[in-house]
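K.L.:
pasting the structure only:
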Ligand code: URA
């Protein structure tokens, strides 16, 4: 069953992105889950399906998860921003204020999912969860409150 705050998240209008996107794309996957994966923001495909990582980036993600022998169904997948940033020709990345406004929902998801490993896909997710950390290498975990945060490239 979805917690009450999840319904509030789906109704969120805290930033201007909600005015132009089709719907809020909430995190998706089992709870609790060992693995949680945080991306950037929904793309045009995810804006239609309202499920994170269902477009081309999702296919890439599934491929890389299969190399690590991790089933997508074992992973809770979410984003730093939950609404599709409008694009004219190229998708744009979410702005710092959009990510900051959406962080409240990400923190609630983290608490809900209780992950042991959080995979951070790309600079937006890395800066969101490991602010001020000088990265030495992708793939090397940073430990915070017993959780391994693993910076990775965005697919
Ligand atoms: N789709 C998502 O849901 N997130 C990304 O970061 C990219 C594509």
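P.N.:
Structure received. On a predicted model such as this, the values are computed, not experimentally measured, just so you know.
K.L.:
Spell out which residues of the protein are next to the ligand.
P.N.:
Counting by Cβ under 6 Å from any ligand atom, the residues of the chain close to the ligand are 39, 40, 41, 42, 43, 46, 52, 53, 55, 57, 79. To be clear about C-beta, it is placed using only N, CA and C from the backbone, and glycine gets the same treatment.
K.L.:
Provide the backbone phi and psi angles at the nearest residue to residue 119 once chain neighbours are set aside.
P.N.:
Spatial nearest neighbour of residue 119, chain neighbours left out: residue 37 (4.6 Å); criterion: Cβ to Cβ, 6 or more residues apart in numbering. For residue 37, the backbone dihedrals (degrees, to the nearest 10) come out as phi -120, psi 130.
K.L.:
was I right about residue 37 contacting residue 80?
P.N.:
No - contact criterion Cβ atoms under 8 Å: residue 37 and residue 80 do not qualify, at 11.4 Å.
K.L.:
for the residue of the chain found nearest the ligand, what are its contacts?
P.N.:
Relative to the ligand, the nearest point of the chain is residue 39 (2.9 Å; Cβ to the nearest ligand atom). By Cβ atoms under 8 Å, 6 or more residues apart in numbering, the contact set of residue 39 is 52, 53, 57, 77, 78, 79, 80, 121, 122, 125, 154.
K.L.:
Present those as CSV; the columns should include neighbour count and secondary structure.
P.N.:
Putting these into CSV (neighbours: other Cβ atoms under 10 Å; DSSP: H, G, I helix; E, B strand; the rest coil) gives the following:
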residue, neighbour count, secondary structure
52, 26, coil
53, 27, coil
57, 21, helix
77, 23, strand
78, 25, strand
79, 30, strand
80, 26, coil
121, 24, strand
122, 19, coil
125, 26, helix
154, 16, coil
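K.L.:
Quick check: closest non-adjacent residue to residue 91.
P.N.:
Nearest residue to residue 91 in three dimensions, chain neighbours excluded: residue 43, at 5.5 Å (Cβ to Cβ, 6+ apart).
K.L.:
Tell me, how many residues neighbour the one you found?
P.N.:
When neighbours are defined as other Cβ atoms under 10 Å, residue 43 has 22 of them.
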